[in-house]
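# Everything below, folded, please.
(4 chains)
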Number of protein chains: 2
Amino acid sequence: MGDLRTVSHRRAVTRQRLVDAALGVFAEQGFGRTTVEQVCDRAGFTRGAFYSNFSSLDELFLAMWEQRSADMVSGLHTAFEERMPDQVGSVREAVEFALAVIPVDEDWYRVSAEFTAHALRTPGMRWVMAERERGIQRALLPVIERLLAMNGQEVVNRDALGQALVAVHDGTLVQCLVEPDDEVVHARRVDLFVLVVEAHTKESR
Amino acid sequence: MGDLRTVSHRRAVTRQRLVDAALGVFAEQGFGRTTVEQVCDRAGFTRGAFYSNFSSLDELFLAMWEQRSADMVSGLHTAFEERMPDQVGSVREAVEFALAVIPVDEDWYRVSAEFTAHALRTPGMRWVMAERERGIQRALLPVIERLLAMNGQEVVNRDALGQALVAVHDGTLVQCLVEPDDEVVHARRVDLFVLVVEAHTKESR
DNA sequence: CCCGTACGATACACGGGCGTATCGGATGCG
DNA sequence: CGCATCCGATACGCCCGTGTATCGTACGGG
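Here you go, the predicted structure:
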């Protein structure tokens, strides 16, 4: 029987190297301008390797996005748990902690934005995105809830809070990326988060 | 001296037809996968016309985006003024009116998203985007302020409200586009707007 | 120890998009 | 009425990326 350490493992490794390379090229060139050769070059392969692992760039793009976004969510989950403070003195403090944990990754934003556009253009891909959004909320809402509980806050409407947080996160992220040196923009970002959180929580008795 | 009706007018017309065609192709194919020929075909020209008016697709993309976003802002401005109600009974009503005026244009969202990604990738283009954002707020905040005044609301912090509205608009728009049939998402969108507006206004004595 | 299998490299033919150079013809002016 | 100009069409050569078909080889099984 095939030894997993070698037989299929090597294949998985090259596949992974292709996926990793893809993120970089997509971020640099944009999805539509990325070529198979660029990805293979960066991964240290030739196109032979690519076509033996994927059938099209679209497929690679999807695989890369699904994997990275899943990794991001789980990474965020553990980061929250590991760095979770013993106590927080206010909602603002909780928000600031959370924003310190959530990376501001411009490359990833670019790729995400293009993926969203691509998904909206491709029937059936909306589901993938919607599912991912649900996954984000499912994974992160509990830890956020625990974080807020430290401040004696009880979440009132879980789903509404989740949707609002994602919307505010994404909406303000662009603004921060467009004007990276504007402190005011960042400060208002925090304010907006605080507002949203306070509107969706109450003091627990 | 050159008659503006003919001399440069014809040139401007073909240029405009190219710009208009570009929007459609960009929306359908994505920026990176759009070819000069596709744009020319849709506009009813050959590449000769293109290269006599633009030097690259990037240039056309930029021209198209600047024009369309400017048009959108001014169109919004007049739409607000023309359809401005005589009175509004609540902040929620004001928000609902505003959202009814602001078009949800998926094609335009796709193009915008890709343009943002493109701009973040192209040094110096951030400025263009930042300037556009300021333009949006400059043009729309006054009418929003008048709208809210009908309900006896006075805007407390103009700039913060502007930034928050744009962020919430963009952030929730994606959610609505990804799940177009989910009424709850739309309802929460309105809720979030109401929350933001109320947080940035006060009853004027 | 040898053979089969499959992974990834190499080779090849093809298509298509690009940019330029040249052309035709309409328009405006003297 | 004829000339100059300029816009958009046509024609050309070029490069690059694609996808497939073939090959070599290293690993795994018997």
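
# Quick check: whichever residue of chain A sits closest to DNA strand C vs B:Arg188, distance?
For chain A, the residue closest to DNA strand C is A:Gly48, as judged by Cβ to the nearest atom of the strand, at 1.9 Å. Where you see a C-beta, it was placed from the backbone N, CA and C, and this is true even at glycine. Computed as Cβ to Cβ, to the nearest Å, the A:Gly48 to B:Arg188 distance reads 49 Å.

# hang on, the earlier thing: secondary structure element for the residue of chain A closest to DNA strand C?
helix A:47-53 (DSSP states H and E).

# related to what we said a few turns ago, neighbour count for A:Gly48 and B:Arg188, which is higher?
B:Arg188 (22 against 9; other Cβ atoms under 10 Å in any protein chain shown).

# The more buried one is in contact with A:Gln163, isn't it?
Yes. B:Arg188 is within contact range of A:Gln163, at 5.3 Å (criterion: Cβ atoms under 8 Å).

# Give me the helices and strands touching the lengthiest helix in chain A, please.
Identified as the longest helix of chain A according to DSSP state H is helix A:57-83. With contacts taken as 3 or more Cβ pairs under 8 Å, 6 or more residues apart in numbering or on different chains; DSSP states H and E, helix A:57-83 sits against helix A:7-29, helix A:36-43, helix A:91-101, helix A:106-121, helix A:125-149.

# for the longest one, the distance to its chain's centre please.
Distance of helix A:125-149 from its chain centroid, counting by Cα atoms, centre = their mean, to the nearest Å, is 11 Å.

# need the next SSE after it, C-terminal direction.
Downstream of helix A:125-149 (by DSSP H and E), the next one is strand A:153-155.

# Give me the contacts around the helix holding A:Gly48.
A:11, A:14-15, A:18, A:36-37, A:39-40, A:43, A:60 (Cβ atoms under 8 Å, 6 or more residues apart in numbering or on different chains).

# Outline the domain layout of chain A.
A:1-55, A:56-203 (automatic domain parsing).

# what about the first one, average pLDDT?
Summarised as a single mean, pLDDT over domain A:1-55 is 90.

# Then stretch A:190-202?
pLDDT averaged over stretch A:190-202 gives 98.

# Buried residues in that stretch, which are they?
Of all the residues in stretch A:190-202, those buried under the rule 16 or more other Cβ atoms under 10 Å in any protein chain shown are A:191-201.

# Off-centre distance for it?
That offset, for stretch A:190-202, works out to 22 Å (Cα atoms, centre = their mean).

# do stretch A:108-119 as well
11 Å.

# buried residues in that stretch?
A:108-119.

# Check what contacts it and list those residues.
By Cβ under 8 Å, 6+ apart, the list of residues contacting stretch A:108-119 reads A:23, A:26-27, A:30-32, A:61, A:65, A:68-69, A:72, A:125-126, A:128-129, A:173-174, A:177, B:30, B:109-110, B:113-114, B:116-117, B:120-121, B:174, B:178.

# CA atoms of it as CSV?
C-alpha atoms of stretch A:108-119 as CSV (Å, rounded to 0.1, in the frame of the first residue of the first chain):
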residue,chain,number,x,y,z
TRP,A,108,-4.1,39.4,0.6
TYR,A,109,-6.6,42.2,0.2
ARG,A,110,-5.8,42.6,-3.4
VAL,A,111,-6.2,38.9,-4.1
SER,A,112,-9.4,38.8,-2.1
ALA,A,113,-10.9,41.8,-4.0
GLU,A,114,-10.1,40.2,-7.3
PHE,A,115,-11.4,36.9,-6.2
THR,A,116,-14.7,38.5,-5.1
ALA,A,117,-15.0,40.2,-8.5
HIS,A,118,-14.2,36.9,-10.2
ALA,A,119,-16.7,35.0,-8.0
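
# and that stretch, what's its mean pLDDT?
Rounded mean pLDDT across stretch A:108-119 is 98.

# Could you do stretch A:144-158 as well?
On average, stretch A:144-158 scores 97.

# That one: which residues count as buried?
Neighbour-count burial for stretch A:144-158 [16+ other Cβ under 10 Å]: A:144, A:147-148, A:150-151, A:153, A:155.

# so how far is the first residue of it from its last?
10 Å (Cα to Cα, to the nearest Å).

# Is chain B within reach of that stretch?
No. Stretch A:144-158 lies apart from chain B when judged by Cβ under 8 Å from any Cβ of the partner chain; the minimum separation is 9.0 Å.

# Quick one: residues in contact with that stretch.
A:80, A:84-91, A:93-94, A:97-98, A:141, A:161, A:165, A:197, A:200-204.

# let's see it at 7 Å
Identification of contacts with stretch A:144-158 by Cβ atoms under 7 Å, 6 or more residues apart in numbering or on different chains yields A:84, A:87-88, A:90-91, A:94, A:98, A:141, A:161, A:197, A:200-204.

# Centre of the chain to that stretch, how far?
22 Å.

# repeat for stretch A:103-116
8 Å.

# Over to stretch A:110-130?
Taking mean C-alpha positions (Cα atoms, centre = their mean), stretch A:110-130 and its chain are 14 Å apart.

# How about the residues of chain A by chain B?
Residues of chain A lying close to chain B by Cβ under 7 Å from any Cβ of the partner chain are A:30-33, A:106, A:110, A:113-114, A:116-118, A:120-121, A:126, A:129-130, A:133, A:160, A:163-164, A:167-168, A:170-172, A:174-175, A:177-179, A:185, A:188, A:191-192, A:195, A:199.

# how about a cut-off of 6 Å?
A:30, A:32-33, A:110, A:113-114, A:116-117, A:120, A:126, A:129-130, A:160, A:163-164, A:167-168, A:170-172, A:177-179, A:188, A:192, A:195, A:199 (Cβ under 6 Å from any Cβ of the partner chain).

# dump the residue contacts of A:Val101.
A:79-80 (Cβ atoms under 6 Å, 6 or more residues apart in numbering or on different chains).

# Next one, pLDDT for it please.
On the pLDDT scale, A:Val101 gets 98.

# quick one: it from A:Ala12, how far?
For A:Val101, the distance to A:Ala12 - Cβ to Cβ - is 30 Å.

# Assign the residue nearest to A:Phe61 when sequence neighbours are not counted to helix, strand or coil.
Spatial nearest neighbour of A:Phe61, chain neighbours left out: A:Phe31 (6.0 Å); criterion: Cβ to Cβ, 6 or more residues apart in numbering or on different chains. For A:Phe31, the assignment made with DSSP: H, G, I helix; E, B strand; the rest coil gives coil.
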